[in-house]
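Colleague: From the sequence below, what's the structure:
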Amino acid sequence: MNTRDQILDLKQRIATSIIGQEQVIERLIIALLTNGNVLMEGLPGLAKTRAIKTLAMHLESQFSRIQFTPDLLPADVTGSEIYFEEGGKGQFKFQEGPIFGNLVLADEINRSPAKVQAALLEAMEERQVTVAGTTHKLPELFMVLATQNPIEQEGTYPLPEAQMDRFLMHIFIKQPADEDELKVLKLVRGEEASGGMKRDEAPIPQSVVFDARKEVAAVATTDAVDRYFVAIISATRNAGRYDKDLGRWIHVGASPRGTLALDRASRARAWLQGRDHVIPEDVQAVAADCLRHRIIPSYDASAEGRSNDELLDALMKKVAVP
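Modeller: Got it, this is the predicted structure:
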C-alpha cells in the first residue's frame, strides 16, 4: 500500500471502534497529518477518550495520559529534577513527565488551574519543555489531544485564549443517531465478551505519518485560495464590514494562527480526498473546527444566545468564494 492507503487504513481501523463519528475521526487524522493539537469537547460518554486511545493503539506510538485535577502541579506534567545519590556522590537528574509521550491525552484539561495549563504552552507550540533552565526536546511525533466537558462548570478553570489558540482544531462531538447507538451497544457487548478492545493487525509505523506529512506539504494552493484563507480571517476581525449584527456579535477575531490552521487543515483534507490541490470546499469543511475557538463573542452575542458556530456560519456566507 502507498502512504495514503495506509493512512486511510488507519482511519478505517479507528472507525470500527468509534461508531457514528466519521467527522471526528477525519479531524483527528487531519491533526496527525499537520502536526497539530486537538481540543475535543462533548458531553460525557461520547467516546472522546476512546477515540484518542484507539488512534494510539493502531499507530506505532507511546501513549501518555494526564488526568487533570485541581491539585495537579506543572512538574506532574513536564517532569522535574530529581536528586540521585550513587557511590557517595549526589547529582540532579531530569526525570521525564508524561508530556514526553507521542500521543498525550490531556483528560478534562479545564479541571486544573492556569499554572498547570500553562505548562503545556511551550510543549504545544515549540515541541520542547524547559525545566530548571534546561531545554528538553519532545519526540518528533508529538500531539496533545485534550478533552473537556461543556456542561460541568463547578471546579473548572476556562482555558486562556493563548492556550486555546495553540490548538489546531476545536472539535465538538455530537450525540449519536439511534441506529449508531444500537451499533455501539452491540460493539461494547462484543468487546466485553472477548475481553476488551483488541488490535488484530500490526500498528501503522510512525514513518508512514512522516511520509504523509511531506506529501500533504506538497499539496498545492492557488493564489485565489490563499486569498480566501486571508479573507475569512480578516472577516472575523472586521465583521461589521459584512454585516451590522455580526459586527456587534464578534468582539475579537482570529489570530494569524487561524490562517495557518486553515491552510494546513485544508491541504490535509484535500490529500485525504485524493487531490493534489486545495479547492474552496476543503476550506469550508474545516473552517468551523479551525476557528470556533479563535473568535471571542461579545456580551450582546452571549445575551442573545448566539453560538460561535452560528456566527462563523453566517460570516462564511458573506465572504466571496473564489
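
Colleague: Could I get the full set of strands for the stretch 101-250 of the chain?
Modeller: Counting by DSSP state E, counting those that start in this stretch, the stretch 101-250 of the chain has strands at residues 103-107, 128-131, 134-137, 143-148, 169-173, 250-252.

Colleague: Residue 316 reaches residue 233, doesn't it?
Modeller: No: contact criterion C-beta atoms under 8 Å: residue 316 and residue 233 do not qualify, at 11.6 Å. Using the backbone N, CA and C atoms, a C-beta is placed for each residue, glycine as well.

Colleague: the more surrounded of the two?
Modeller: residue 233 (26 against 16; other C-beta atoms under 10 Å).

Colleague: Tell me who's in contact with the more buried one.
Modeller: 253, 254, 256, 258, 259, 262, 291 (C-beta atoms under 8 Å, 6 or more residues apart in numbering).

Colleague: same question, residue 252
Modeller: Applying C-beta under 8 Å, 6+ apart, the residues near residue 252 are 161, 237, 295, 296.

Colleague: Once you drop chain neighbours, what's closest to residue 265?
Modeller: Once flanking residues are discounted, residue 265 sits nearest to residue 286: 4.1 Å by C-beta to C-beta, 6 or more residues apart in numbering.

Colleague: Quick check on the one you found: phi, psi?
Modeller: phi -100, psi -10 (degrees, to the nearest 10).

Colleague: Next, count neighbours for it.
Modeller: For residue 286, using other C-beta under 10 Å, the count is 22.

Colleague: same thing with residue 43?
Modeller: Neighbours of residue 43 (other C-beta under 10 Å): 13.

Colleague: and it, what pLDDT?
Modeller: In this model, residue 43 is scored at 79, pLDDT.

Colleague: And it, how close does it get to residue 261?
Modeller: 25 Å (C-beta to C-beta, to the nearest Å).

Colleague: again, but for residue 75
Modeller: Applying C-beta to C-beta to residue 75 and residue 261 gives a distance of 30 Å.

Colleague: can you check residue 315 too?
Modeller: 16 Å.

Colleague: Compare the two (neighbour count), which wins?
Modeller: residue 261 (27 against 22).

Colleague: And stretch 271-280, how far out from the chain middle?
Modeller: Relative to its chain's centre, stretch 271-280 lies at 21 Å (C-alpha atoms, centre = their mean, to the nearest Å).

Colleague: And it, what's buried?
Modeller: Buried positions in stretch 271-280, judged by neighbour count with 16 or more other C-beta atoms under 10 Å: 271, 272, 278, 279.

Colleague: quick one: which of these is nearest residue 66?
Modeller: residue 272 (29.0 Å; C-beta to C-beta).

Colleague: That closest one and residue 10, how far apart?
Modeller: When residue 272 is compared with residue 10 (using C-beta to C-beta), they lie 11 Å apart.
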